[in-house]
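Trainee: Take a look and give me a structure for this.
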Amino acid sequence: MRGGKCVSNLVAGAAIILAIVGATVCLENLSLTQVEKQKLEQLKQAISSINFPIHRMKEELNLVRYLRARRWDVPGAKDMLLQTVKWWKDNNMDEIHTEDWSSVAKEYPINTDGVDRNGQPVFVFSIGDWDLRRAALQGKLDLAIRHFIKGFDEVHVKSIEYNKSGKSNGTQWNFISNLDKLSRQQHLCIPCLRFYTGIMLMFESHYPGSTEKIFVINAPSIFSVILTLVQPILSPETYKALQILGTNKEQWGPILFSHIAKDQLPESVGGSRT
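Mentor: The predicted structure follows:
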């Protein structure tokens with residue numbers, strides 16, 4: 001089973017359990033072979049009659065990501081795009097950034113202000129700030145998931161805008177999940193588990209190939225519950241981006257800060273940005 005070794009190592013102790021790429025620059029590969037270029041042109045023709053709700057869905061970079069997610073199978077990529085169009089409309093994604101999130105943002109905080117050393121945006125999420133059990137009991141879990149989706153889309157849009165304006169050398173974004181204070185009671189209750197599967201299904205289905213690196217820091221042994229739950233959902237590309245780090249800041253700090261400067265990160269993950 002994919003990720004099985006990761007789970008057993010993490011249960012054995014809080015340590016670095018996935019291979020660490022380190023400080024090497026690993027921007028998205030945008031080069032295509034001749035065959036891949038032909039597949040791209042075929043997909044363009046196949047989707048020419050689709051009424052996309054937003055322009056970025058039909059841009060070449062997005063089409064390439066969907067093709068890669070479906071191993072260059074054009075009908076599969078088209079079907080995946082159609083599912084994203086349906087999801088976008090069904091979830092009123094056109095309105096998500098103009099909704100009133102003032103009260104929700106205090107209860108379920110996220111940070112999308114920083115950038116990595118290549119100028120790519122960073123999404124920071126600290127699980128200790130979110131009481132998922134209370135959200136589930138109060139019937140707010142779907143709202144919490146929607147707020148999380150808003151954050152994903154926000155950094156996704158930033159990654160496109162930063163690249164087009166020359167602010168970024170890359171085309172992707174980064175995700176940091178801080179698991180400090182991860183609690184069985186507040187974060188691993190049975191109703192809570194839908195949060196993790198919901199956001200990962202959304203990510204893999206509608207934002208394929210969009211992250212350069214995913215850092216999971218302060219990962220305790222009970223993180224294996226979440227990893228086991230979501231591992232069937234994760235694509236090989238997501239596994240490649242994933243770096244799961246233990247609870248020792250002296251170990252995860254140099255790895256994280258080599259990729260993202262401290263002044264671009266909030267204090268919750270060892271940064272100095274306020």
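Trainee: Count the residues that sit near the nearest residue to Lys44 once chain neighbours are set aside.
Mentor: The spatially closest residue to Lys44, leaving aside those adjacent along the chain, is Leu63, at 6.9 Å (CB to CB, 6 or more residues apart in numbering). Where C-beta positions appear, they are placed from N, C-alpha and C, glycine not excepted. Residues near Leu63, counting by other CB atoms under 10 Å, number 21.
Trainee: got a pLDDT number for Leu63?
Mentor: Here the pLDDT value assigned to Leu63 is 97.
Trainee: Contact partners for it?
Mentor: With contacts defined as CB atoms under 8 Å, 6 or more residues apart in numbering, Leu63 is in contact with 40, 43-44, 47, 77, 81.
Trainee: Including neighbour count, could those go into JSON lines?
Mentor: Output for these, formatted as JSON lines (neighbours: other CB atoms under 10 Å):
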{"residue": "Leu40", "neighbour count": "18"}
{"residue": "Leu43", "neighbour count": "24"}
{"residue": "Lys44", "neighbour count": "13"}
{"residue": "Ile47", "neighbour count": "19"}
{"residue": "Ala77", "neighbour count": "26"}
{"residue": "Leu81", "neighbour count": "23"}
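Trainee: list the contacts for Val269?
Mentor: Each residue near Val269 by CB under 8 Å, 6+ apart is listed here: 124, 126, 176, 178, 217, 256.
Trainee: Of those residues - the most surrounded one?
Mentor: When neighbours are taken as other CB under 10 Å, the top entry among the contacts of Val269 is Val124 (26 neighbours).
Trainee: ok, back up a step: output the contacts of Leu63 in JSON lines, with pLDDT, distance to Leu234 and secondary structure appended to each entry.
Mentor: Below are the contacts of Leu63 laid out as JSON lines (pLDDT from 0 to 100; distance: CB to CB, whole Å; DSSP: H, G, I helix; E, B strand; the rest coil):
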{"residue": "Leu40", "pLDDT": "97", "distance to Leu234": "25", "secondary structure": "helix"}
{"residue": "Leu43", "pLDDT": "98", "distance to Leu234": "24", "secondary structure": "helix"}
{"residue": "Lys44", "pLDDT": "98", "distance to Leu234": "28", "secondary structure": "helix"}
{"residue": "Ile47", "pLDDT": "98", "distance to Leu234": "26", "secondary structure": "coil"}
{"residue": "Ala77", "pLDDT": "98", "distance to Leu234": "19", "secondary structure": "helix"}
{"residue": "Leu81", "pLDDT": "98", "distance to Leu234": "20", "secondary structure": "helix"}
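Trainee: Going by distance to Thr228, which of those residues wins?
Mentor: Ala77 (29.2 Å; CB to CB).
Trainee: The closest one is in contact with Arg65, isn't it?
Mentor: No. Contact between Ala77 and Arg65 fails when scored by CB atoms under 8 Å: they sit 9.1 Å apart.
Trainee: picking up where we left off before, okay if I get the contacts of Leu63 as JSON lines plus distance to Gln172?
Mentor: Shown next, in JSON lines, are the contacts of Leu63 (distance: CB to CB, whole Å):
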{"residue": "Leu40", "distance to Gln172": "19"}
{"residue": "Leu43", "distance to Gln172": "20"}
{"residue": "Lys44", "distance to Gln172": "22"}
{"residue": "Ile47", "distance to Gln172": "22"}
{"residue": "Ala77", "distance to Gln172": "19"}
{"residue": "Leu81", "distance to Gln172": "19"}
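Trainee: The one residue sitting closest to the centre of the chain: what secondary structure?
Mentor: Geometric centre of the chain, nearest residue: Phe175, 5.4 Å, by CA atoms, centre = their mean. Of the three states, Phe175 takes strand under DSSP: H, G, I helix; E, B strand; the rest coil.
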